[in-house]
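Colleague: Build the 3D model from these lines:
(one chain, ligands or ions: 1)
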Amino acid sequence: MKVYEKAPAKINLLLDVLRKREDGFHEVEMVMTMVDLADRLEMEELSRDTIIISSQAGYIPLDEKNLAFQAAKLIKERYEVKQGVYIHLDKKIPVAAGLAGGSSDAAATLRGLNRLWQLNIAEEELQLLGAELGSDVPFCITGGTAIARGRGEKLEHISNPPQCWVVLAKPPINVSTADVYGRLRANAIRQHPSLDAMLRSIQTQQFPDMCQALGNVLEEVTLPMHPEVQQLKEAMLKLGAEGVLMSGSGPTVFGLVSKESKVARMYNGLRGFCKEVYAVRLLT
Ligand code: ATP
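Modeller: This next block holds a predicted model:
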């Protein structure tokens, strides 16, 4: 038997860090939503007790370092599943881009194996399992739009933002999430974004207000380290984006536009100096 799952990329419309906790993690406040750019996972039952991962993408680990492998191992152990699984990852989400590709693959694996092995695990339980794999995994289990607090695992679902186009561009540099958080001085953040303003814009479905309310404190770390990310933000604004922000810890930048007629100009303009550009819709 086989099952298929889609693993969409997430973007943060807002990412704030409130403080560094005693356990070393950061207390965050984020507004997350998903975009229609997704990896596709195929999961096939194996009678042998083994986990095999394959992917057409040459640049991700296929062993126990892969988050899909870790998700499969966790669910197998916790629910004492004796069968094995072959998982093929058709990667479409750029890797180490700030789009939670790995977390979304892990979440899709948990959802898929729950169906494949007919385990009947409730969604809340899947989220708890996901939290053991990474802070973004619980959100990726359900998707939609949510406020994430704590390490990112405490979720409050909210209504979807106004529909728009999202143009994503990833400069050819790698940014480590751990490194960016490590360099952040949580008590010296210059400007915290307003969660209230973001929530109001979503509630009232006011696209221009949402663009105004975009904010990500990790830009204070990543932008000075990688000037090309700042340049990409400026280029997007020049090309007509109504709001721009770095996604997660970067280096991907996204620009929001309300009208389809503006998308081609932005896409083509960015492709002039950036190879990885995607024009997608919000997944509402
Ligand atoms: P986040 O924003 O959650 O930190 P990201 O988008 O920055 O995620 P990922 O694409 O999830 O980063 O990849 C981060 C690291 O995880 C990479 O170094 C990659 O080698 C490793 N990795 C493990 N499993 C996967 C997977 N299934 N897909 C992509 N990367 C994976």
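Colleague: For this protein, which segments are assigned as helices?
Modeller: Using DSSP state H, the helices of the chain run over residues 67-78, 101-116, 123-131, 137-142, 177-183, 195-203, 207-213, 219-225, 227-238, 263-271.
Colleague: what's the closest of those to the ligand?
Modeller: Minimum separation from the ligand across these (C-beta to the nearest ligand atom) falls at helix 101-116, 2.7 Å. Quick note: C-beta positions are derived from backbone N, CA and C, even for glycine.
Colleague: Mind listing what's buried along stretch 138-151?
Modeller: By 16 or more other C-beta atoms under 10 Å, the buried positions in stretch 138-151 come out as 138-143, 145-151.
Colleague: touching the ligand at all, it?
Modeller: No - using C-beta under 6 Å from any ligand atom, stretch 138-151 stays clear of the ligand, with a minimum separation of 9.0 Å.
Colleague: mind checking how far that stretch is from the chain centre?
Modeller: Mean-position distance between stretch 138-151 and its chain equals 10 Å (C-alpha atoms, centre = their mean, to the nearest Å).
Colleague: Would you work out how far apart the start and end of it are?
Modeller: In stretch 138-151, first residue to last residue: 11 Å (C-alpha to C-alpha, to the nearest Å).
Colleague: try stretch 207-224
Modeller: Terminal residues of stretch 207-224 are spaced 29 Å apart (C-alpha to C-alpha).
Colleague: Mean pLDDT and distance to Lys20 for the helices of the chain - can I get that in a markdown table?
Modeller: Shown next, in a markdown table, are the helices of the chain (pLDDT from 0 to 100; distance: least, C-beta to C-beta, whole Å):
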| stretch | mean pLDDT | distance to Lys20 |
| --- | --- | --- |
| helix 67-78 | 98 | 25 |
| helix 101-116 | 98 | 22 |
| helix 123-131 | 97 | 19 |
| helix 137-142 | 97 | 21 |
| helix 177-183 | 94 | 9 |
| helix 195-203 | 98 | 19 |
| helix 207-213 | 98 | 25 |
| helix 219-225 | 97 | 13 |
| helix 227-238 | 96 | 23 |
| helix 263-271 | 96 | 35 |
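Colleague: Out of those helices, which is closest to Leu14?
Modeller: Checking these against Leu14 by C-beta to C-beta gives helix 195-203 as the closest, at 4.8 Å.
Colleague: helices or strands next to the closest one in the packing?
Modeller: Contact here means 3 or more C-beta pairs under 8 Å, 6 or more residues apart in numbering; DSSP states H and E; on that basis helix 195-203 packs against strand 2-20, strand 26-46, strand 145-149, helix 207-213.
Colleague: helices or strands next to the second one in the packing?
Modeller: Where contact means 3+ C-beta pairs under 8 Å, 6+ apart, strand 26-46 is packed against strand 2-20, strand 84-90, helix 101-116, strand 145-149, strand 165-170, helix 195-203, strand 276-281.
Colleague: Out of the helices of the chain, which gets nearest to Asp49?
Modeller: Ranking the helices of the chain by proximity to Asp49 (C-beta to C-beta) places helix 67-78 first, at 8.2 Å.
Colleague: Get me the contact residues on the stretch 151-284 of the chain for the ligand.
Modeller: Thr177, Gly248.
Colleague: In TSV, list the helices and strands packed on helix 195-203 along with distance to Lys259.
Modeller: Putting those into TSV (distance: least, C-beta to C-beta, whole Å) gives the following:
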stretch	distance to Lys259
strand 2-20	19
strand 26-46	17
strand 145-149	22
helix 207-213	10
